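**Student:** sequence? don't have it. structure:
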């Protein structure tokens, strides 16, 4: 099998390429140039590209760099800025997976005659009677099925995740045994196009006007504080919002950028049994209204029992507020390892 391996410069994709080569597949590595600006993290830095190139050389496989900067700007960076400007909380990694890695890159792999695209994601693709399905990784602590929940069955048919059956400890051990330069490299935790020196505020401040806002108490309607940039506040946020006069921590309950208003309240108000969602992406057959499922609302949060109602997810028990713009990943109720689809949270 001819496999194009997306090599980010990290240990997971390095081992993915090594495992496939060990199994006798024809492997070619590809690193994506996504961000044209400054970067010191993620898969966009010069150091990461060099790490990927040198690992490919160690493995004896060809390596290419594909320039997708224009597509990345259009489908990931520009929407990221626009979401913040309107008070939503984007997830750029999910949009990159949707449009770039498993969109443009997969299309290019198929055009170049590759049978499959491989990445270092911790997830699994398994066969079912009605087609491939997406499952959680063996290592639950590193599971990345949430950020892959926007994929469709047609994409999964040509995707492999070689490290999904391994724990992170096993991945690093394999890399060390092979002498790969990425064996002890730390995992990237940040948005790849935001430089650590300037952070999100610096990045957004260069691209849109940031406006101060008032913190308004949900109960009394009184102004209880201010924030320097309404665009940087996310629903459910606690840090940076201060405390009430009685020492109670405040949480952001809603964000109104146009009105310069953030409604805040105590922890008892920062939960809900329902979350409104937009158009869903289904891996297989859509859930019927009233169907049972498990919903995960953050990359590493728990999946909570719920009922699907087309435009609404109703939890059995109150859950932390989900910020508009975030993804709600849906898992099969009978087999909670299996992803059935996802939908974006909305503010309606």
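**Tutor:** Here it is on my side, so go on. Note that the coordinates shown come from a computational prediction; the quantities given were computed from them, not determined experimentally.

**Student:** okay, now residue 46: neighbour count?
**Tutor:** 11 (other Cβ atoms under 10 Å). In this view, the C-beta of every residue, glycine as well, is placed from N, C-alpha and C.

**Student:** Residue 138 now?
**Tutor:** For residue 138, using other Cβ under 10 Å, the count is 17.

**Student:** What distance do you get for the spatially closest residue to it that is not a sequence neighbour to residue 140?
**Tutor:** The shortest distance from residue 138 to any non-neighbouring residue, by Cβ to Cβ, 6 or more residues apart in numbering, is to residue 165 (5.3 Å). Counting by Cβ to Cβ, to the nearest Å, the gap from residue 165 to residue 140 is 13 Å.

**Student:** residues contacting the residue nearest to residue 138?
**Tutor:** By Cβ atoms under 8 Å, 6 or more residues apart in numbering, residue 165 lies in contact with 124, 137, 138.

**Student:** Give the phi and psi angles for residue 329, as a check.
**Tutor:** When quoted as degrees, to the nearest 10, the phi and psi of residue 329 stand at phi -90, psi 140.

**Student:** any chance you could map the helices in this structure?
**Tutor:** Using DSSP state H, the helices of the chain run over 11-22, 46-59, 69-72, 78-85, 92-96, 105-111, 153-156, 168-177, 199-205.

**Student:** Nearest residue to residue 64 in space, please, no chain neighbours.
**Tutor:** The nearest residue in space to residue 64 (Cβ to Cβ, 6+ apart) is residue 30, at 5.1 Å.

**Student:** Identify the residues contacting the one you found.
**Tutor:** 4, 5, 6, 7, 63, 64, 65, 66, 105, 109.

**Student:** Buried only: go through those residues for me.
**Tutor:** 4, 5, 6, 7, 63, 66, 105, 109 (16 or more other Cβ atoms under 10 Å).

**Student:** was I right about the fourth one contacting residue 52?
**Tutor:** Yes - under the criterion of Cβ atoms under 8 Å, residue 7 is in contact with residue 52, at a separation of 4.0 Å.

**Student:** From residue 136, how far out is residue 207?
**Tutor:** Counting by Cβ to Cβ, the gap from residue 207 to residue 136 is 36 Å.

**Student:** Residue 343: which of the helices of the chain is closest?
**Tutor:** Checking those against residue 343 by Cβ to Cβ gives helix 92-96 as the closest, at 11.8 Å.

**Student:** ok, back up a step: could you check the helices of the chain and tell me which one is nearest residue 273?
**Tutor:** helix 92-96 (24.3 Å).

**Student:** If you count contacts, what does that closest one end up packed against?
**Tutor:** Judged by 3 or more Cβ pairs under 8 Å, 6 or more residues apart in numbering; DSSP states H and E, the packing partners of helix 92-96 are helix 78-85.

**Student:** can you give me the mean pLDDT across the helix it packs on?
**Tutor:** Averaging pLDDT along helix 78-85 yields 97.

**Student:** The chain should start at 3 in everything you say after this.
**Tutor:** Yep, numbering from 3; the last one is helix 80-87 now.

**Student:** residues making contact with that helix?
**Tutor:** For helix 80-87, contacts defined as Cβ under 8 Å, 6+ apart pick out 91, 92, 94, 97, 193, 206, 209, 210, 233, 234, 259, 327.

**Student:** any common contacting residues for residue 9 and residue 54?
**Tutor:** Counting by Cβ under 8 Å, 6+ apart, the residues touching both residue 9 and residue 54 are 15, 16, 31, 33, 65.

**Student:** before we move on, the earlier item: just the buried ones from the contacts of helix 80-87?
**Tutor:** Here, 16+ other Cβ under 10 Å leaves 91, 92, 94, 97, 193, 206, 233, 234, 259, 327 buried among the contacts of helix 80-87.

**Student:** Not counting residues beside it along the chain, what's closest to the first one?
**Tutor:** Spelled out, that is residue 91. That would be residue 325: by Cβ to Cβ, 6+ apart, it lies 3.8 Å from residue 91.

**Student:** The one you found: neighbouring residues, count only.
**Tutor:** 25.

**Student:** Columns distance to residue 219 on top of the helices of the chain, output as a markdown table?
**Tutor:** Below are the helices of the chain laid out as a markdown table (distance: least, Cβ to Cβ, whole Å):
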| stretch | distance to residue 219 |
| --- | --- |
| helix 13-24 | 45 |
| helix 48-61 | 45 |
| helix 71-74 | 41 |
| helix 80-87 | 24 |
| helix 94-98 | 32 |
| helix 107-113 | 48 |
| helix 155-158 | 46 |
| helix 170-179 | 44 |
| helix 201-207 | 25 |
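
**Student:** from these, which stretch is densest packed?
**Tutor:** helix 13-24 (a mean of 24; mean count of other Cβ atoms under 10 Å).

**Student:** Run through who's touching that one.
**Tutor:** With contacts defined as Cβ under 8 Å, 6+ apart, helix 13-24 is touched by 5, 7-9, 29, 31, 53-54, 57-58, 61-63, 120-124, 162-165, 168, 173-174, 176-177, 180, 182, 184-187, 189.

**Student:** report the angle between the axes of that helix and helix 48-61?
**Tutor:** 20 degrees (axes from the mean of the first three to the mean of the last three Cα atoms, to 10 degrees).

**Student:** centre of the chain versus helix 13-24, how much separation?
**Tutor:** 22 Å (Cα atoms, centre = their mean, to the nearest Å).

**Student:** Repeat that for stretch 76-87.
**Tutor:** Centre-to-centre, stretch 76-87 and its host chain are 15 Å apart (Cα atoms, centre = their mean).
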